[in-house]
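Student: Have a look; sequence and predicted model below, questions after that.
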Amino acid sequence: MIRFPYKAVAFDLDDTLLRDDLSISDKTISVLRGLASEGIHIIPASGRSMMSMKPFVDQLNCSSLYISCNGSELRDGITHQPLQSLQFTAELGREIAAFGKQYGCYTQTYGGEYCFFNQVSRWSEQYAAASRLKGVFVGDLESYIQEPRSKILMMDDQDKIADMLQEAQDQFAGRASVTCSKPWFLEFNPIGADKGTALDTASKQLGFTPAQVIAFGDGLNDLPMLKMAGLGVMMANGQPGLRAIADDVCRSNEEDGIAQYLIELMEENLYDSGK
């Protein structure tokens with residue numbers, strides 16, 4: 001039996017668990033499966049949609065449940081069935097799409113294995129390659145949105161997104177959660193949907209508190225999760241804004257940062273226990 005001081009390990013995917021080529025190292029898989037075999041809960045948490053997360057969750061093959069769409073959805077780690085789903089109304093979705101149109105932004109929303117977007121551009125090509133979703137050009141996204149949605153994503157140059165972030169947070173305050181997982185992403189989710197709140201819900205469903213979770217992340221959308229967890233660890237390659245709230249820093253995603261940190265944590269507890 002290993003000695004591990006937490007009930008669960010939660011982590012972002014892109015630039016955190018995943019290497020730059022979107023692969024998961026054998027070492028990382030081995031460490032996470034080893035912890036799961038000892039009763040430690042494994043909780044992936046990403047801004048990706050369910051269908052975009054599914055291949056990675058299946059590859060790990062040890063997740064108790066997972067958080068998708070920045071906390072809009074909570075799903076079973078084996079069946080992928082929804083345990084919780086938050087959406088904003090179609091009317092609000094159209095207002096958000098109109099905000100993106102005002103700035104001339106590439107904007108998309110999601111449904112099943114598809115993402116539906118308003119511009120054929122380098123952003124649509126890059127996202128399709130990284131997400132493994134099928135992209136569908138729909139032209140005017142504002143007109144296309146006729147049903148509630150869990151997420152809308154805008155992509156543009158970093159300086160433009162930085163300028164839009166505060167205005168979006170002000171305009172949609174109390175109506176939508178607005179964040180950035182990457183400097184060129186502007187993400188809209190239903191109010192109350194963030195990784196920290198979702199981690200709290202997941203912890204309660206699994207029978208412990210967020211204080212008994214160690215969490216890893218790299219982006220501003222991970223900030224609520226790192227704050228909620230008992231130990232919040234920032235990746236060495238993470239965005240600078242996380243450093244003020246992170247409890248610790250681990251190696252980068254290219255250096256198996258999560259796996260190495262967990263190994264060292266287990267070794268420290270073995271030493272402390274006199275083993």
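Tutor: Here it is on my side, so go on. Numbering: from 1, shown residues only.

Student: which outside residues touch stretch 115-122?
Tutor: 49, 97, 100-101, 106-110, 124, 127-128, 131, 133-141, 144 (Cβ atoms under 8 Å, 6 or more residues apart in numbering). All C-beta atoms are positioned from the backbone trio N, CA, C, and that covers glycine.

Student: Just the strands from the stretch 101-250 of the chain, written as ranges.
Tutor: 106-111, 114-117, 134-137, 152-155, 176-179, 185-190, 213-217, 231-235, 248-250 (DSSP state E, counting those that start in this stretch).

Student: Could you identify which of these is most buried?
Tutor: Across the strands of the stretch 101-250 of the chain, averaging neighbours per residue (mean count of other Cβ atoms under 10 Å) puts strand 213-217 on top, at a mean of 28.

Student: Same list (the strands of the stretch 101-250 of the chain) but as TSV, adding mean pLDDT.
Tutor: Listed next are the strands of the stretch 101-250 of the chain as TSV, based on pLDDT from 0 to 100:
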stretch	mean pLDDT
strand 106-111	96
strand 114-117	95
strand 134-137	94
strand 152-155	97
strand 176-179	94
strand 185-190	96
strand 213-217	98
strand 231-235	98
strand 248-250	98
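
Student: With residue 19 as the reference, name the closest of the ones you listed.
Tutor: Nearest to residue 19, of all the strands of the stretch 101-250 of the chain, is strand 231-235, at 11.5 Å by Cβ to Cβ.

Student: so that closest one versus strand 213-217, what angle?
Tutor: 20 degrees (axes from the mean of the first three to the mean of the last three Cα atoms, to 10 degrees).

Student: then strand 231-235 to CSV, C-alphas only?
Tutor: Taking C-alpha atoms only, strand 231-235 is exported to CSV below (Å, rounded to 0.1, in the frame of the first residue of the first chain):
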residue,chain,number,x,y,z
LEU,A,231,-3.0,21.8,-2.9
GLY,A,232,-3.0,23.8,-6.2
VAL,A,233,0.1,23.2,-8.4
MET,A,234,1.0,25.4,-11.4
MET,A,235,2.9,23.9,-14.3
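
Student: partner strands of it, parallel or antiparallel?
Tutor: strand 213-217 (parallel), strand 248-250 (parallel) (DSSP bridges).

Student: tell me what the helix or strand that the shortest one is followed by is packed against?
Tutor: Next along the chain after strand 248-250, taking DSSP states H and E as the criterion, comes helix 257-272. In this structure, helix 257-272 packs against strand 8-11, helix 26-37, strand 213-217, strand 248-250, with contacts taken as 3 or more Cβ pairs under 8 Å, 6 or more residues apart in numbering; DSSP states H and E.

Student: Need those in CSV (columns: distance to residue 268).
Tutor: Formatted as CSV, the helices and strands packed on helix 257-272 follow (distance: least, Cβ to Cβ, whole Å):
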stretch, distance to residue 268
strand 8-11, 15
helix 26-37, 15
strand 213-217, 13
strand 248-250, 12
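
Student: All the helices of the stretch 1-150 of the chain, in order from the start?
Tutor: 26-37, 50-60, 90-102, 122-131, 141-144 (DSSP state H, counting those that start in this stretch).
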